[in-house]
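K.L.:
Generate a structure from the sequence data that follows.
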Amino acid sequence: MSEKKMTSSRKHHLKSLMLSIAKSLLEKETAERHEERQKYMDENCPSLTLPHSVQELQDLCKKLHQKIDKADEERYDLEAKVNKTNKEIEDLKIKVIDLKGKFKKPPLRKVRMSADAMLQALLGSRHKVTLDLRANLKQVKKEVKEEDKEAVGDWRKNIEDKAGMDGRKKMFEAEA
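P.N.:
So this is what the prediction gives:
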């Protein structure tokens, strides 16, 4: 069976209902936020009544300074705590990456080193002996092949042998 499709007027009606519900929810949420903010301000910041004498004004200033200092201490403590937890998070991330083993290998450069320099890098200052790697190689003497000299011979003779029908016949026999 074919599925029943919704008409455009029905779609439009449902869409407008959804939008109106969402709008009312947003309005409620903003009203709640405003009420919470007002409640917090009433609790923590009472209305200011200015005293008439200088002594009362100085006492009020001292109280305000104490509250400011307390707020700064709390802010500093919270900031230090956040920094500490951020550092711990970074350390844990590094540990996770190390445990996974998936880290980018840095591109390596080709370095030309002699055997002496390599041994000195590995062994440090203890390495005093110099290596001559060519001294330990076997000495191989080249043998001169006498067959090659005979094969070279006179080139005119080879051409005369191959000339004519007999020469071509010899060429085909030699190849087969």
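
K.L.:
okay, and the helix or strand of this protein with the least pLDDT?
P.N.:
helix 146-152 (a mean of 54; mean pLDDT, DSSP states H and E).

K.L.:
what's the burial count for L119?
P.N.:
The burial metric for L119, expressed as a neighbour count using other CB atoms under 10 Å, is 17. Backbone N, C-alpha and C define where each C-beta goes, glycine included.

K.L.:
so which helix or strand takes in it?
P.N.:
Mapping L119 onto the secondary structure by DSSP states H and E places it in helix 115-123.

K.L.:
and if you look at A22?
P.N.:
Counting by DSSP H and E, the element that carries A22 is helix 8-44.

K.L.:
going on from that helix, what's the next piece of helix or strand?
P.N.:
helix 54-100.

K.L.:
thinking again about what came up before, please identify the buried residues of the helix holding A22?
P.N.:
Of the residues in helix 8-44, none count as buried by neighbour count, 16 or more other CB atoms under 10 Å.

K.L.:
Would you mind checking the average pLDDT for it?
P.N.:
With pLDDT averaged residue by residue, helix 8-44 scores 94.

K.L.:
now it against helix 54-100, angle please.
P.N.:
When axes from the mean of the first three to the mean of the last three CA atoms, to 10 degrees is applied, the directions of helix 8-44 and helix 54-100 differ by 130 degrees.

K.L.:
so what pLDDT did the residue nearest the centre of the chain get?
P.N.:
With the centre of the chain defined as its mean C-alpha position, the nearest residue by CA atoms, centre = their mean is K104, 6.3 Å away. Looking at K104, its pLDDT stands at 70.

K.L.:
Next one: it from D98, what distance?
P.N.:
As judged by CB to CB, to the nearest Å, K104 and D98 stand 13 Å apart.
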